[in-house]
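>>> A structural model of the following input is requested.
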Amino acid sequence: MASQELSPSKKAMYAVVFATIIIVSVELLASTALIYFYRLKHMLPYEISPISTVSFFHKAIKATLPFAGLCSDCNPPIDHRRDVNPSPFFQSDPLLGYRPQPGSYTVTYSKRDRQQWRKLRIDVTINVDGSRWTGNLPDPLKPSLFIFGDSFVFGEGVNDGQTFSFLLQQAMPNFNIRLLAAPAYSLTQAFLNFERLKHEISDRDTIIVGYGDFYDIRHVIAPAWLRELNDPTIIARRNRWLPKASVNPNGVVSFSYVQQDCSINRLCEQPDPEKEEMQKVTAALANHIANNTNARSYLLHLNGAADNPVLHLLSKRFTLISALPGDFEYQIKDTVMDYDPHPGPYWHYAIFKKLQGVLAGESLVPQ
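Predicted coordinates for the structure are as follows:
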């Protein structure tokens, strides 16, 4: 029996179906290739392998075994907590993204030890201008020492009286020590705070800009930084808009604002900018501060590598103070009694002594 020839309409339909299959297949292959490209650049925190099958079964097993009672450690209980009273500690700020609210706070760090919770309480006082209390109210007749930085500089985990800024205030009673740092800040907030305050800064004053190598990803709001901020233990208290710095070919810094929530910004799975690009942004932020004031300017390098290329890009108006562990003849890195990984009071005392020695050489403080 002779085969029946397909009608023109059926031929057209099959052609459309065939073309659709080809287009969808190419799209799926292209999407898969792009996904692997991005993941090979930087895997997501919950992935153990760039191979999807491995990561899928690993996640499925971890999710299934606890229900079967076969894996009591697959989802370990939270063993550390941080509570602030009163709460919230931060408020939104249209310029900085967020800042500490003025007031007196008790911060309680808790950790589980053999099924018992042990606690450490510290006191944190925030002044009306958002700075941390350093022991004295500012006196307009005295010169000021402005200190900018992140949680290390702020003193996360230590009492008001244990920060290196407080210790400096006791050693420098003829100065106003103004600690303008906060957790998760960077040179972005230092730049913006400087712009807000520069009309108050004279050639009698001094500026200390804290810097750690890990600041670089913060300045450009790199996806790695967003993933860190989206950790389930901290997102609830830091869900806000963040200032992102950019530098044009003429070296001029500009800012945009990024929502830190990964489910909103759609940036967290993208690759980070090149390291050299981030370092140029860092240097531009720092140099803007030093080049736009007659105050003495210091950059306090408190974490990272001694040969960080950023240090070679700094303005000549900066005096570099290297305060890395290798710059000391003794152990300086402690933690907050294992309740929190931030440096503890021994570190703050060591940084105070380092700054005291440098500033004494500038005749700002007696040794």
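>>> and residue 207, that one's in a strand?
Yes - counting by DSSP: H, G, I helix; E, B strand; the rest coil, residue 207 is located in a strand.
>>> list the contacts for it?
Shown in contact with residue 207 (CB atoms under 8 Å, 6 or more residues apart in numbering): 145, 146, 148, 194, 201, 289, 290, 293, 295, 296, 297, 298. In this view, the C-beta of every residue, glycine as well, is placed from N, C-alpha and C.
>>> do the same with residue 100
89, 90, 91, 126, 130, 132, 182.
>>> Dig out what it forms beta bridges with.
Taking DSSP bridges as the rule, residue 100 bridges to residue 90.
>>> still on that earlier bit, and the contacts of residue 100, which two are the farthest apart?
The two members of those with the most space between them (CB to CB) are 91 and 132, at 15.0 Å.
>>> So which of these two has more stuff around it?
residue 132 (23 against 12; other CB atoms under 10 Å).
>>> Just the mean pLDDT for the lengthiest helix in the chain, thanks.
Assignment by DSSP state H gives helix 8-41 as the longest helix of the chain. Here helix 8-41 scores 79 as its mean pLDDT.
>>> next one: stretch 152-170
98.
>>> Dump it to PDB, restricted to CA.
This file holds the C-alpha atoms of stretch 152-170, laid out as PDB (Å, rounded to 0.1, in the frame of the first residue of the first chain):
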ATOM      1  CA  PHE A 152      36.400  46.100  64.500                       C
ATOM      2  CA  VAL A 153      36.900  49.800  64.900                       C
ATOM      3  CA  PHE A 154      33.500  50.200  66.500                       C
ATOM      4  CA  GLY A 155      34.300  47.600  69.100                       C
ATOM      5  CA  GLU A 156      31.700  44.900  68.400                       C
ATOM      6  CA  GLY A 157      31.600  42.600  71.500                       C
ATOM      7  CA  VAL A 158      33.400  45.000  74.000                       C
ATOM      8  CA  ASN A 159      32.100  47.600  76.400                       C
ATOM      9  CA  ASP A 160      32.200  51.300  75.800                       C
ATOM     10  CA  GLY A 161      35.200  51.600  78.100                       C
ATOM     11  CA  GLN A 162      37.200  48.800  76.400                       C
ATOM     12  CA  THR A 163      37.400  50.200  72.800                       C
ATOM     13  CA  PHE A 164      40.700  51.600  71.700                       C
ATOM     14  CA  SER A 165      38.900  54.900  71.000                       C
ATOM     15  CA  PHE A 166      37.800  55.200  74.600                       C
ATOM     16  CA  LEU A 167      41.400  54.400  75.800                       C
ATOM     17  CA  LEU A 168      42.700  57.200  73.400                       C
ATOM     18  CA  GLN A 169      40.200  59.600  74.900                       C
ATOM     19  CA  GLN A 170      41.600  58.900  78.400                       C
END
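>>> looking at this protein, which helix or strand does the model trust least?
The least trusted helix or strand in the chain, going by mean pLDDT, DSSP states H and E, turns out to be helix 52-68, with a mean of 63.
>>> Helices of the stretch 51-200 of the chain, residue ranges please.
Using DSSP state H, counting those that start in this stretch, the helices of the stretch 51-200 of the chain run over residues 52-68, 151-154, 164-171, 187-197.
>>> Report the contact partners of the closest residue to residue 106 other than its chain neighbours.
Ranked by CB to CB, 6 or more residues apart in numbering and with sequence neighbours excluded, the top spatial neighbour of residue 106 is residue 85, at 5.0 Å. Remark: with contacts taken as CB under 8 Å, 6+ apart, residue 85 is in contact with 105, 106, 108.
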